[in-house]
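1. for reference, the sequence and a predicted model appear below.
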Amino acid sequence: MTPAEPPPAPVAGTTAVAPRLVGDEATAALMLGDDALILSHRLAEWTGHAPALEEDVALANISLDLLGQARTLFSLVGDEDELAYLRGERDFRNVQLVEQPNGDFAHTIARQLYFSLAQEIRYTAVVGTDGCPTPIRELAAKAVKETAYHRDHATEWTLRLGDGTDESHARMRRGLEVMWRHTGELFAAVPGLPLDDAALRENWLTALEAVLGEATLPLPQGPDADAWTAGGGREGIHTEPFGFLLAEMQHLHRSHPGATW
Amino acid sequence: MTTAPPADQRSPGLAELERAFDTAVAAEERIEPRDWMPDAYRATLVRQIAQHAHSEIIGMQPEANWITRAPSLRRKAILTAKVQDEAGHGLYLYSAAETLGVSRDELLDKLHAGRQRYSSIFNYPTLTWADVGAIGWLVDGAAITNQVPLCRCSYGPYARAMVRICKEESFHQRQGYELLLALSRGTEAQHAMAQDAVDRWWWPSLMMFGPPDDRSAHSAQSMEWKIKRHSNDELRQRFVDICVPQAESLGLSLPDPELRWNEERGRHDFGAIDWEEFSQVLKGNGPCNEQRITQRRRAHEEGAWVREAASAHAAKRRARATAAIGDTTATGDTAPPTATPNGATTP
Ligand SMILES: [Fe+2]
Ligand SMILES: [Fe+2]
């Protein structure tokens, strides 16, 4: 895809001090940052376990891109390590989709397809919307190129698995269904980002249907949220596996209060 | 050439080829995949490159063990990138081996069946975060000492792969050193963690250079072929001499009471290596042999359906492309076939 137009350069004289966001704009940076951090973590879990060496490299690559995005977004709000390591489960604002366990490779690809399409569409919209905070627009302008690669990777694998063997088709279908339940909040409004979320969701569905159609896979028909968790991640309500993810991620850092690494 | 049959029993062609090969090697020329080479030279290279490639990918495990627990986001990024580099090294090396006529699949099968080795160092566990630093500093450091001379190896594709790999390994070594330095200068607990890691990794790192020269099975012939440039003991000595001042700068000690500067030799003397431990680990009795190979096998087996799907999909695409060409030929349409959607390639 053609790279998006970068947002206007920051006003001269503001570059010396890192831009700090407050209020809704800080919340927006945290929500997008948490999405990126948690998905990065899940993808990193594949390292050394991938179905082929090329995928060890590719998944680590995507994980690193997302980690870089999270670090930039966190830096707009505060100290990156305090935000990553010292918040509790209810303080994280990521969508539940990104915290879902990796499952088999098809589950991971389904999660990647849903998320990378959504992230690319949202970042593109952020870049083109004057009302979004400038530092988030700058991040989005850079990240949208990475996200295009993530979307390509997920798309290619959806095609291979959907239109590969009977087994891969069945597994991909199952992966799409399992992850579908957590897609409902992907386009829930993010405070601080004045976007037409309903329209973005329409774009996402259209893009998704195109990929699935070519992959000979049906769009899941079940609910895209359940009664209890609908929109939960953005409110700090997470799923059970998330607590374990944080326990693992934060344990060492929290075991040495005040230490530098 | 004591094993060669008498000259009169050999075809004159073969003798000439051997002479040309020997001359090229002696003149420091590179042997390339299409050049004639003795079978034993080819076999030695395949064995060595395969072992090297396997070490890169098994070596991902002890370090990936800490990615999800890395104590800062900066360290997490550095470690993920490092483990990703190691996967990349595996890819370059399997490609180098392929130029000798063996496929990656074949070599992986041999690894999984326990018929080819990987570096024994990776059969030790990473018990604390500091082990990530100790591996970078000592294990990548020993690997560099071993591998820099391989950049001048007589076999072209291997030498070129090593040039790329050595650049990245030296990053890894510096990052490991820097990680340990941060710990050593950190809290008391962090310093102790760093010292403990160095204490556990020092001796196994010295074993990475292989058995002492008088017990090294393949050394002499490999030196003659210019696959190997320096003896195991010489490389080990170099490594010790490099590490001693670095350990001092780190503020950490090396666990060898006999380690001291020898004015006369201009090198460090060091204590005896426990070769019994080395041979036990080599035989499969190290702390993690079973675990490492099991994880490798499991990743490979659990990924089989994915790789099958990728080939099945690629075959379908080829068939469709062929059919499309057939159609256009039949109708006399001269337009080129439509590009494959999304330009998918097999992994
Ligand atoms: Fe390496
Ligand atoms: Fe390395």
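-> Ah, there it is. Residues are numbered from 1 along each chain as shown, chains lettered A, B, ... in the order given. Ligands and ions are numbered 1, 2, ... in the order given.

2. spatially nearest residue to the single nearest residue of chain B relative to chain A, not counting backbone neighbours?
-> Across chain B, the shortest distance to chain A (C-beta to the nearest C-beta) belongs to B:Gly303, at 2.5 Å. Heads up, the C-betas are built off the backbone N, CA and C, glycines and all. Nearest non-adjacent residue to B:Gly303, counting by C-beta to C-beta, 6 or more residues apart in numbering or on different chains: A:Pro51, 2.5 Å away.

3. element containing the one you found?
-> Here A:Pro51, judged by DSSP states H and E, is contained in no helix and no strand.

4. mind checking how far it is from A:Thr239?
-> Applying C-beta to C-beta, to the nearest Å, one obtains 25 Å for the distance of A:Pro51 from A:Thr239.

5. more neighbours, those two?
-> More neighbours surround A:Pro51 than the other of A:Pro51 and A:Thr239, with 23 against 17 (other C-beta atoms under 10 Å in any protein chain shown).

6. wait, what's in contact with that one?
-> A:Pro51 makes contact with A:Phe105, B:Ala299, B:Glu302, B:Gly303, B:Ala304, B:Val306, B:Arg307, according to C-beta atoms under 8 Å, 6 or more residues apart in numbering or on different chains.

7. got phi/psi on it?
-> Here is the backbone geometry of A:Pro51 (degrees, to the nearest 10): phi -70, psi -20.

8. kindly report the same for B:Arg267.
-> Here is the backbone geometry of B:Arg267 (degrees, to the nearest 10): phi -140, psi 170.

9. count the residues that sit near it.
-> Residues lying near B:Arg267 (other C-beta under 10 Å) number 14.

10. packing partners for the helix-or-strand element of chain A with minimal mean pLDDT?
-> When each helix and strand of chain A is scored by mean pLDDT, DSSP states H and E, helix A:232-235 comes last, with a mean of 92. Counting contacts by 3 or more C-beta pairs under 8 Å, 6 or more residues apart in numbering or on different chains; DSSP states H and E, helix A:232-235 packs against helix A:96-99.

11. quickly find the element holding B:Gln202.
-> For residue B:202 the amino acid is Trp, not Gln. With DSSP H and E as the test, B:Trp202 turns up in helix B:188-207.

12. do the same with B:Ala53
-> helix B:39-58.

13. rewinding a little: could I get the average pLDDT for the helix holding B:Trp202?
-> Mean pLDDT, helix B:188-207: 98.

14. now stretch A:21-35
-> 97.

15. does any part of it sit near chain B?
-> No - Stretch A:21-35 lies out of reach of chain B by C-beta under 8 Å from any C-beta of the partner chain, never closer than 10.5 Å.

16. neighbours of B:Asp22, how many?
-> By other C-beta under 10 Å, 14 other residues sit near B:Asp22.

17. and for B:Lys76?
-> 27.

18. one more: B:Gly303?
-> Using other C-beta under 10 Å, B:Gly303 has 17 neighbouring residues.

19. ok, B:Thr80 next?
-> For B:Thr80, using other C-beta under 10 Å, the count is 25.

20. how about the contacts made by it?
-> Counted by C-beta under 8 Å, 6+ apart, B:Thr80 has contacts A:Ala44, A:Thr47, A:Ala60, A:Ser63, A:Leu64, A:Leu67, B:Ile67.

21. B:Val240 contacts B:Phe270, correct?
-> Yes - the criterion here is C-beta atoms under 8 Å, and B:Val240 meets it with B:Phe270 at 5.4 Å.

22. shared neighbours, the two?
-> In contact with both B:Val240 and B:Phe270: B:Leu206, B:Leu259, using C-beta under 8 Å, 6+ apart.

23. in stretch A:58-68, which residues are buried?
-> A:Ala58, A:Leu59, A:Ala60, A:Asn61, A:Ile62, A:Ser63, A:Leu64, A:Asp65, A:Leu66, A:Leu67, A:Gly68 (16 or more other C-beta atoms under 10 Å in any protein chain shown).

24. then stretch A:185-200?
-> Neighbour-count burial for stretch A:185-200, counted by 16+ other C-beta under 10 Å, picks out A:Glu185, A:Leu186, A:Phe187, A:Ala188, A:Val190, A:Gly192, A:Leu193, A:Leu195, A:Asp197, A:Leu200.

25. can you get me the start-to-end distance on that stretch?
-> One end of stretch A:185-200 sits 12 Å from the other (C-alpha to C-alpha, to the nearest Å).

26. ditto for stretch A:88-107
-> OK, stretch A:88-107 end separation, C-alpha to C-alpha: 27 Å.

27. sounds good, over and out.
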